[in-house]
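[1] I'd like to go over a predicted model; first the sequence, then the structure.
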Amino acid sequence: MLDDLEAKAVLITGAASGIGAALARGFARYGAKVAIHFNKSADAARTLYSDITGTGGTAALFEADLTKSGEAGRIVDEVVRAFGHLDVLVNNAGGIIRRQPFSDLTRELYAEALNLNVRPVVEGSQAAIPHLEKSAAGSIVNIGSIAGHDGGGPGSGHYAAAKAYIHNLTRHMARDLATRGIRVNAIAPGTIATPFHSATPPERMEAMRKATPLGRLGQPEDCVGAALFLSSPSMSGFITGQILHINGGQLMP
């Protein structure tokens with residue numbers, strides 16, 4: 001029943017690699033027109049674009065530093081000019097920046113974490129509202145994290161706080177935008193083997209694997225089905241304000 005995603009215009013921020021790239025490929029498989037946003041990972045974004053278009057899919061590339069005011073709105077406008085409409089916004093851009101024990105956390109790092117993980121969601125969603133309101137399938141999917149629920153691992157309190165902000169903002173947005181026909185949900189990945197964890201010590205990764213009842217680390221593709229489900233009005237048309245956890249049983253809220 002995901003055929004209702006065909007020809008829908010989907011903007012995925014931070015789509016060059018990891019979960020974002022997997023989501024882009026997933027939406028393209030079901031006929032959606034995919035707007036691939038990237039910032040520094042131009043080569044990876046171009047490879048993703050070639051993969052999608054080379055198999056008959058529709059995609060376009062959009063470059064922006066979403067930590068800068070106004071850039072998220074600019075990208076939304078460019079996507080609408082390119083595709084003629086916008087139906088789904090996936091707010092995936094974000095990151096931990098670096099690990100820092102709480103006792104050493106600086107105001108600069110905390111502000112940078114909020115700027116990277118929160119600003120693009122707020123400004124991008126605000127810019128998308130008028131376009132999503134015109135769609136019969138207007139949907140926003142925010143990418144949260146298990147860290148937003150359990151406080152995060154060593155040195156990641158600033159990131160966990162930013163993702164907790166996203167979880168609660170998702171609920172508020174869902175209430176606020178419901179009368180405008182826009183559904184807002186989030187997925188909260190657990191430990192997913194992506195470049196996000198490139199600096200995580202192997203012993204820490206192994207400990208997290210052992211703490212996962214399904215006995216393995218997640219892969220970016222494990223997040224695709226949930227995002228497609230939450231973007232499809234036929235599959236989830238009466239679902240809004242929910243946080244869907246994808247963690248192999250690592251957390252069971």
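    That came through, no problem. These numbers come from a predicted model, not from an experiment.
[2] what's the strand or helix carrying residue 230 packed up against?
    Residue 230 belongs to helix 224-231 when assigned by DSSP states H and E. If contacts are counted by 3 or more C-beta pairs under 8 Å, 6 or more residues apart in numbering; DSSP states H and E, helix 224-231 sits against helix 18-29, strand 88-91, strand 139-143, strand 183-189, helix 233-236, strand 243-246. Glycine gets a C-beta too; all of them are placed from N, C-alpha and C.
[3] Could you give me the buried positions within that helix?
    Within helix 224-231, the residues scored as buried using 16 or more other C-beta atoms under 10 Å are 224, 226-231.
[4] now do stretch 206-224
    208-209, 212, 217-218, 220, 222-224.
[5] and the helix holding residue 230, how far out from the chain's middle?
    Here helix 224-231 is found 11 Å from its chain centre; the criterion is C-alpha atoms, centre = their mean, to the nearest Å.
[6] Measure how that helix sits relative to strand 183-189, angle-wise.
    Here the directions of helix 224-231 and strand 183-189 differ by 170 degrees (axes from the mean of the first three to the mean of the last three C-alpha atoms, to 10 degrees).
[7] Contacts for helix 224-231, please.
    Residues outside helix 224-231 that contact it (C-beta atoms under 8 Å, 6 or more residues apart in numbering) are 2, 5, 8, 10, 22-23, 25-27, 30, 88, 90, 137, 139, 141, 183, 185, 187, 235-236, 239, 242, 244, 246.
[8] Kindly recompute the last result at 7 Å.
    Under the contact criterion C-beta atoms under 7 Å, 6 or more residues apart in numbering, helix 224-231 has outside partners 2, 5, 22-23, 26-27, 30, 88, 90, 139, 141, 185, 187, 235-236, 239, 244, 246.
[9] what about burial for the residues you listed, which qualify?
    Applying 16+ other C-beta under 10 Å to the contacts of helix 224-231 flags 2, 5, 22-23, 26-27, 30, 88, 90, 139, 141, 185, 187, 236, 244, 246 as buried.
[10] Among those residues, name the least confidently predicted one.
    Ranked by pLDDT, the buried ones among the contacts of helix 224-231 bottom out at residue 2, which has 88.
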